[in-house]
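[1] below are the sequence and a predicted model; questions follow.
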Amino acid sequence: MKPNGILLNTQPMAETSFSEENMDENGHDHILTSYDTPLRVDAFEMDDDLKIELIEKHFRHIMEIMGLDLTDDSLKGTPRRVAKMYVKEIFSGMNPENKPSITLFDNKYKYDQMLVEKDITVFSNCEHHFVPIHGKAHVAYISSGKVIGLSKLNRIVHHYSKRPQVQERLTVQIANELKEVLKTEDVAVVIDAQHMCVHSRGVQDTGSSTITSYYGGKFEKEATRREFLSYLGM
Ligand SMILES: Nc1nc2c(ncn2[C@@H]2O[C@H](COP(=O)(O)OP(=O)(O)OP(=O)(O)O)[C@@H](O)[C@H]2O)c(=O)[nH]1
Ligand SMILES: [Zn+2]
């Protein structure tokens, strides 16, 4: 059923298995884990077209409040453009259906060293200000029997980046996904990124960047960690 108006007024799905412990003070269901983005379950009821319709409406309102002339031919399409960009592009990782399908192969070649995929481009958005985070992610794992198609490492990074994020959570989400898919604790993730909320507003420090890391299993050992970081020139 189409929610009437604003997302906050929708009800949680009837068939949801989430317990009352996961409800906030307004009775809204959340998926709460120690590392996951707290996503509202009731938003999964809406298809992309409805989300675009509602966001377009509300973004038009924001532009009107700002005093922008929505009859101008350059501005009149902006609410819909922004809505489509949110749902289909920069926040498409909110939709679990967009999670990449992963191709695994048997490690027939008995490759038992680390594999590093470095310099994966990160485009995300800060959940505090909704402005871009831009940087690089470097991921590594040691096979426990399966190897993953290389591009899927990039796709996992891209998927979790396409949410309103904080860098710490993004780092842990990528690591947890790798651990789950590859059935190993032996994963490492480093992200080095620039936050536009720090660069272009607020403190306006364009020289700083943020580094976060995750080291699991064998990467907790100093020598393994050092080897990984040496490939990154760190
Ligand atoms: N830990 C963490 N903080 C972040 C991230 N992205 C943005 N922030 C910070 O989130 C904080 C939000 O703080 P507030 O004081 O509520 O926001 P604000 O008044 O706009 O703060 P200023 O940015 O200092 O002007 C800021 O310090 C941001 O720099 C992130 O990925 N991780
Ligand atoms: Zn921010």
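    Right, received. Where do you want to start? Ligands and ions are numbered 1, 2, ... in the order given.
[2] for residue 74, what are its contacts?
    By CB atoms under 8 Å, 6 or more residues apart in numbering, no residues touch residue 74. C-beta coordinates here come from the backbone N, C-alpha and C atoms, glycine included.
[3] next: residue 187.
    Per CB under 8 Å, 6+ apart, neighbours of residue 187: 139, 140, 141, 175, 178, 179, 214, 216, 217, 219.
[4] you'd agree the first one is up against residue 177?
    I take that to be residue 139. No: between residue 139 and residue 177 there is no contact under CB atoms under 8 Å: 9.9 Å.
[5] quick check: neighbours shared by the two?
    residue 156.
[6] ok, these two, which is more surrounded?
    residue 139 (25 against 22; other CB atoms under 10 Å).
[7] ramachandran angles for that one?
    Per-residue torsions, residue 139: phi -130, psi 150 (degrees, to the nearest 10).
[8] isn't residue 216 right next to residue 176, touching?
    No: Residue 216 is beyond contact range of residue 176, at 9.2 Å (criterion: CB under 8 Å).
[9] where do the helices sit along the chain?
    48-65, 78-84, 150-161, 167-182, 196-199, 222-231 (DSSP state H).
[10] got those helices as CSV, with distance to residue 104 columns?
    Below are the helices of the chain laid out as CSV (distance: least, CB to CB, whole Å):
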stretch, distance to residue 104
helix 48-65, 29
helix 78-84, 33
helix 150-161, 9
helix 167-182, 7
helix 196-199, 36
helix 222-231, 22
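[11] quick one: closest of the ones you listed to residue 100.
    helix 150-161 (3.8 Å; CB to CB).
[12] hey, C-alpha coordinates of the closest one in PDB?
    The C-alpha coordinates for helix 150-161 follow below in PDB (Å, rounded to 0.1, in the frame of the first residue of the first chain):
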ATOM      1  CA  LEU A 150      38.400  -9.000  -8.800                       C
ATOM      2  CA  SER A 151      35.800  -6.600  -9.900                       C
ATOM      3  CA  LYS A 152      33.400  -7.800  -7.100                       C
ATOM      4  CA  LEU A 153      35.800  -6.300  -4.600                       C
ATOM      5  CA  ASN A 154      35.300  -2.900  -6.300                       C
ATOM      6  CA  ARG A 155      31.500  -3.500  -6.500                       C
ATOM      7  CA  ILE A 156      31.300  -4.300  -2.700                       C
ATOM      8  CA  VAL A 157      33.100  -1.000  -1.900                       C
ATOM      9  CA  HIS A 158      30.800   0.900  -4.300                       C
ATOM     10  CA  HIS A 159      27.600  -0.700  -2.900                       C
ATOM     11  CA  TYR A 160      28.300   0.300   0.700                       C
ATOM     12  CA  SER A 161      29.600   3.700  -0.400                       C
END
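[13] elements contacting that helix?
    Applying 3 or more CB pairs under 8 Å, 6 or more residues apart in numbering; DSSP states H and E, one finds that helix 150-161 contacts strand 114-126, strand 132-142, helix 167-182.
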